[in-house]
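*Asks:* Compute the structure for the input listed below.
(chains A, B, C, D and E, ligands or ions: 4)
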Amino acid sequence: DTLDTIKQRKKVLIAVDIGAPPYGFLDSDAKQAGSDVEAARMLAKDLGVELEIVPVSGPNRVPFLLSKKADLVMASFSITDERKKVIDFSEPYGVVPIVVAGPKAATLKSFADLSGKNVAVTRGTTSDQELSRGIKEVSGVTVVRYEDDATTNTAVATGQQDYMAAAPSVVPAVKKANPARDIDIKFVMKSFPYGVGLRKDDAALKSWVDGWVKTNLKNGKFNEIYKRHFGMSLPEEMLK
Amino acid sequence: MDGISISQVGFIFKGAGWTLVLSAMGFLGGALVGLPLAMARSRGGAVLRAVTGAYVQLVQGIPLPVIMFLCYFGISIAGFDVPSLVAAGIAMTAYSSAYLGEIWKGCIQAVSRTQWEAAECLALRPAQRLAYVILPQAARIAIAPTVGFLVQIVKNSSYAVVIGFFDLTYSSRVVNNSTFKPFLVFTLAALIYFAICYPLSSLSYRLEKRMARR
Amino acid sequence: MDEIVRFDKVCKSYGDVQILKGVSFTVGRGQVVALIGRSGSGKTTALRCINGLETIQGGELHVCGRAMHAGSVDLMDLRKEVGIVFQSYNLFPHLTVLQNITLAPRKVKGVPRKEAEDLAMEVLQKVGLHERAAYYPEQLSGGQQQRAAIARSLAMQPKLMLFDEVTSALDPELTGEVLKVIEGLANDGMTMVLVTHEMAFARSVADQIMFMHQGIVWECGSGDLLGQPATPELQQFVGSGL
Amino acid sequence: MDEIVRFDKVCKSYGDVQILKGVSFTVGRGQVVALIGRSGSGKTTALRCINGLETIQGGELHVCGRAMHAGSVDLMDLRKEVGIVFQSYNLFPHLTVLQNITLAPRKVKGVPRKEAEDLAMEVLQKVGLHERAAYYPEQLSGGQQQRAAIARSLAMQPKLMLFDEVTSALDPELTGEVLKVIEGLANDGMTMVLVTHEMAFARSVADQIMFMHQGIVWECGSGDLLGQPATPELQQFVGSGL
Amino acid sequence: MNYDFDFSFLSTHWRELVDGMLLTLRLSVATIVFGFLLGVALAVVRTQGSPLGRKLVSGYVDLIRNTPLVIQAFWLFFGLAALQIRVPAMAAAIIALTINVSAYTTEIVRAGIESIPRGQLEAASCLGMSRWKVLRLVILPQAVERMYPALISQFVLMMLATSIMSQISTEELTASGYAIQSQTFRGFEIYLVIAVLYLVLSWLLRISMAGFAAVVFTRRRRLKTPL
Ligand SMILES: Nc1ncnc2c1ncn2[C@@H]1O[C@H](COP(=O)(O)OP(=O)(O)OP(=O)(O)O)[C@@H](O)[C@H]1O
Ligand SMILES: Nc1ncnc2c1ncn2[C@@H]1O[C@H](COP(=O)(O)OP(=O)(O)OP(=O)(O)O)[C@@H](O)[C@H]1O
Ligand SMILES: [Mg+2]
Ligand SMILES: [Mg+2]
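*Replies:* Ligands and ions are numbered 1, 2, ... in the order given. Below you'll find the model as predicted:
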């Protein structure tokens, strides 16, 4: 079992996307920072082992886990049915609504209004999946897929693209990078709780992580991290 | 610097260090595998030549990023637990051995047949012929193209970005992702690569000129 | 008289083309045999068979007491006793003359460096090149390179020396230098087989002259042979060759 | 008599080394002038000055009515009237003989393809190569290549032809072929300047022979010049050259 | 080995792979054509141009050949955007690859031009051809023919390098692989399939370039002398 392995080697390998602010990024001291990084640190401490962060990007989170290059994935890993077929998730420890954003002036209320437009999205993320699902019936939408969140953000911030599908947390970052581009949230596609990704049949580890998540939701530690990075609180029902 | 902190620049330079380590691994590994490969390709029996030829065709027909993926995930699927540095090193070795093998094969073949015969007629054993007569001559021809290929190794180690190895390219990408300063970050990265590669390629060019004059 | 080389109806083909069609002759200890004949008549091929650079397909060939046709000869061992010098010198360009000469004695026979170098200087003296020991081949004239190549073979102290048109890449002046060296070896009693186009030289230095034609020894005899050819073929060859 | 070429105290240097030190001679319409002289005496250089491959540093040089020394000559235009053939043929290896010949007429003069090809066949006939029109240069012997090169120049219908040792890369048999072609041109009345080492040929074909020595025209005269050299220099040259 | 291979994604996702492959092919062909033309033009400047022109070209070649393609692509992609020039990903990819391959082509063609004997140039100009005509009709055809094998190798390398363009959102073969992976999570198998597809592509490219040579270089075909 992975839990034993972790304890034996006295080190846990957690996959985090450090190119995805505010979940993971480099601060001005070039130290890894972000909500997932902090959560991972907390997990390692509570487990009483050393932490090794394995940097991943959206598309290769699952292969990293399956090929045992990581014990756990904490990389804004939304819980979806497709993913559940291949891996397990812990109880959710955060939630990410995914939205479509665009220039303030544009009127954009639903997928149908995207007709004839280019939309930037990070490849292989839930935003990608939801966007693809939502525009199936809409003609003339071009989805432009980038390799990681930061590239997507850069593309919008620098003016490569006008529209993006992403988590709302990135919108301020884009604005900050280029104030001239007045990007606003247009509509919410869906809200996804995200959890810790585990390999299937890792029962012992899963039950430990589930317990750990519950405890820290109750004692408010997760909410504290979340508030610091997202400027809002976790939904009430999660904190119970 | 505007928008990037000193530590972040330092982070990029640390990535440059890893690029050098990765390149050195790729070169050493490539040389260790490439030399026997070159000998098999130039002097081996029909079967050995066919097998090694197939290996070269295979590696030279697949993009390095895809080789990186296959090594990275393949090794762990095979049940070994290796850090990404090792996986990238193995991929670089596969890549550079195929190219170095071909370069060196050409150099060995450039030593004329009559040298083999002369050595043979002096009763030197096959290994001695190679060691004392052929390889020293081939090595002289090989220096310039080998140094030239080193540049390719350094540059192509940047493909390790696809498996998230913290080389110069991935480091600058992460810094860009955290700072949104693409122009600055990638110009800096390009300059560092240039500073590493340019001396090598002009050295290779000069050596080539000198060889041509002989 | 000992026989060093005995060709007995030796046949040799490349693919379908038969080059040697039953060559027979012998070389006794201390004898000098010259092979002459038109280009393509198989002289080089015959010479290369002697030290095993080519395998033969028919007949018998004995060299230094070894049955070459049997196919089980230790060639490395044979070549310690048989030296060969080519038209194109084939010196090792990355080594000095001295290193060229000491390489085989040291690595093959295990002679210690010092001793090998003394021996090398001795043979260099013999070919008149002792002052060029530290030079690289490219620093020497063609004639000097050829003499160095001869010295390299001599340093293995062979029982038999083979020479394949060793002067044909040289101009007349340099040719003279090299022929003098070979003449000296003949006087020292070295057994030699030489392929040459220098008729006058063959006549003066060889005990036996073999005229090869169409893959066999067409005529043979002492140096006088050239003066009184018995066959029209040799007559024609001598007429054009001299 | 029209003057096609007039050298008047022409000087030419490469860097510090003066090669032509005041060369003077004229070539009239329909004349054949042969330049002879020792290697390095400046014959090739003089020839190259005529069609502007080299610029001159002193004196006057008129070619087909143009003042070459003035430096404002339209070389493209001049070269439509002056053909040159080199020792090393310089055929274009990627084109057939016919394409080699039609290239310049079509691309420089704008002659339509069909017409250019007819003309090409005509000049090929003249040099005896019409059966080789579709061959590539590498498929031809040296003599054939040289004749093709002559045909290529002729197809531009020049007023003046220059030949620089066009036979010295050829063996005697092939040399004959080429010289016959040049003789034919002379009989047709073509104006020609030829650098040659074939004294007998120069004598028979040239109206004027210029002996160049130390950068000037040392002696000149009709073919008989070679029989009765006036200066010891020419005497020596003729003695060694014939 | 505790891993079960599963290639069932091929039956549902083959279309994406084919699309990716076609895009890779289009990207390669476009880049080969543009890169070759630009490379030849630069080689001409490099060998015939003014001293300033030559310096500029050799600076360009040095710069491109001593920095990695990925970095060039990032720099160009985001750099252009920062200058408010918007280019679609496909165009950006073509520009980056064209610049890259043109630098190598320049060096190859330059070496070819320099290997043509001076006599060819003299003979042509003595026939009254202008400099440009000499170059176009005599020098370049021979130079390209001589260097054709080197160009084939370079173009195959370039085709393989298109895979890195997935990083700037070009949906070529490797990107198709990413996309299928993020839906099926069969990473290793997918890259195996992709590796095979690239092998097929590089084989196709070699064959068709050799075929092209047979058409263009009439002499080689007629004399049956291989390149
Ligand atoms: N490796 C080979 N494969 C096929 N044919 C060969 C080979 N080596 C030599 N030959 C042919 O064998 C014939 C005899 O060659 P050989 O070199 O023995 O002649 P030679 O008498 O030494 O002539 P030369 O005076 O030109 O050196 C020639 O017709 C040659 O073409
Ligand atoms: N490009 C050059 N730069 C410097 N010196 C040159 C150049 N071309 C020719 N020379 C020198 O000019 C001299 C005359 O050369 P030229 O070729 O005119 O002689 P030539 O009479 O044609 O001799 P040959 O019979 O050998 O062809 C020679 O000494 C030669 O070395
Ligand atoms: Mg021979
Ligand atoms: Mg000359």
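*Asks:* Tell me the buried residues in the helix-or-strand element of chain A with minimal mean pLDDT?
*Replies:* Across the helices and strands of chain A, mean confidence by mean pLDDT, DSSP states H and E is lowest for helix A:170-177: a mean of 76. Neighbour counts over helix A:170-177 (16 or more other Cβ atoms under 10 Å in any protein chain shown) mark A:170-171, A:173-175, A:177 as buried. C-beta: built from backbone N, CA, C; applies to glycine.
*Asks:* Show me what it is packed against.
*Replies:* Using 3 or more Cβ pairs under 8 Å, 6 or more residues apart in numbering or on different chains; DSSP states H and E, the elements in contact with helix A:170-177 are strand A:94-103, helix A:149-157, strand A:183-194.
*Asks:* near chain E at all, the helix or strand immediately after the shortest one in the chain?
*Replies:* To tie it back to what came earlier, the one meant is helix A:149-157. In the C-terminal direction, the helix or strand that comes right after helix A:149-157 (DSSP states H and E) is strand A:163-166. No: if you take Cβ under 8 Å from any Cβ of the partner chain as the test, strand A:163-166 misses chain E, and the best it gets is 12.3 Å.
*Asks:* Give me the sheet partners of strand A:163-166 and which way each runs.
*Replies:* Partner strands for strand A:163-166, per DSSP bridges, with pairing direction: strand A:94-103 (antiparallel), strand A:118-122 (parallel).
*Asks:* May I have the shortest one exported as CSV, CA atoms only?
*Replies:* Listed in CSV are the C-alpha atoms of strand A:118-122, where the atom choice follows Å, rounded to 0.1, in the frame of the first residue of the first chain:
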residue,chain,number,x,y,z
ASN,A,118,-12.1,32.3,-30.5
VAL,A,119,-11.9,31.1,-26.9
ALA,A,120,-8.6,30.3,-25.1
VAL,A,121,-8.5,27.5,-22.6
THR,A,122,-5.9,25.3,-20.9
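*Asks:* tell me the mean pLDDT for that strand?
*Replies:* Averaging pLDDT along strand A:118-122 yields 89.
*Asks:* Counting by contacts, list what the helix or strand just after that strand packs against.
*Replies:* Past strand A:118-122, heading to the C-terminal end, the next element that is a helix or strand (DSSP H and E) is helix A:126-134. Other helices and strands packing on helix A:126-134, by 3+ Cβ pairs under 8 Å, 6+ apart, are strand A:94-103, strand A:118-122, strand A:142-146, strand A:163-166, strand A:183-194.
*Asks:* Tell me which of these is the most buried.
*Replies:* Of the helices and strands packed on helix A:126-134, the one with the most neighbours on average (mean count of other Cβ atoms under 10 Å in any protein chain shown) is strand A:163-166, at a mean of 27.
*Asks:* Quick one: residues in contact with that strand.
*Replies:* A:98-102, A:106, A:108, A:114, A:117-122, A:127-128, A:130-131, A:149, A:152-153, A:155-156, A:170, A:174, A:183, A:189 (Cβ atoms under 8 Å, 6 or more residues apart in numbering or on different chains).
*Asks:* Compute the number of surrounding residues for the closest residue to residue E:197 other than its chain neighbours.
*Replies:* Ranked by Cβ to Cβ, 6 or more residues apart in numbering or on different chains and with sequence neighbours excluded, the top spatial neighbour of residue E:197 is residue E:21, at 5.7 Å. Other residues within reach of residue E:21 by the criterion other Cβ atoms under 10 Å in any protein chain shown amount to 18.
*Asks:* Over to residue A:36?
*Replies:* When neighbours are counted by other Cβ under 10 Å, residue A:36 comes out with 31.
*Asks:* packing partners for the helix or strand hosting it?
*Replies:* Secondary structure here is read from DSSP H and E; on that basis residue A:36 sits in helix A:35-47. Counting contacts by 3+ Cβ pairs under 8 Å, 6+ apart, the secondary-structure elements packed against helix A:35-47 are strand A:11-16, strand A:50-55, helix A:203-218, helix A:221-230.
*Asks:* Could you export the first one as CSV, CA atoms only?
*Replies:* Extracted in CSV, the C-alpha atoms of strand A:11-16 (Å, rounded to 0.1, in the frame of the first residue of the first chain):
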residue,chain,number,x,y,z
LYS,A,11,8.8,11.2,2.1
VAL,A,12,5.6,11.9,0.2
LEU,A,13,5.6,12.8,-3.5
ILE,A,14,2.8,15.3,-4.3
ALA,A,15,2.2,16.5,-7.8
VAL,A,16,1.4,20.2,-7.9
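*Asks:* after that strand comes which helix or strand?
*Replies:* Past strand A:11-16, further along toward the C-terminus, the next helix or strand under DSSP H and E is strand A:25-26.
*Asks:* List the neighbouring strands of that next one plus their orientation.
*Replies:* strand A:32-33 (antiparallel).
*Asks:* picking up where we left off before, list just the nearest of the buried residues of helix A:170-177 to residue B:4.
*Replies:* Among these, residue A:177 lies closest to residue B:4 (Cβ to Cβ), at 13.0 Å.
*Asks:* which residues touch the closest one?
*Replies:* By Cβ under 8 Å, 6+ apart, the neighbours of residue A:177 are A:153-154, A:157, B:180.
*Asks:* Those: which two are farthest apart?
*Replies:* With Cβ to Cβ as the measure, no two of these lie farther apart than A:153 and B:180, at 7.0 Å.
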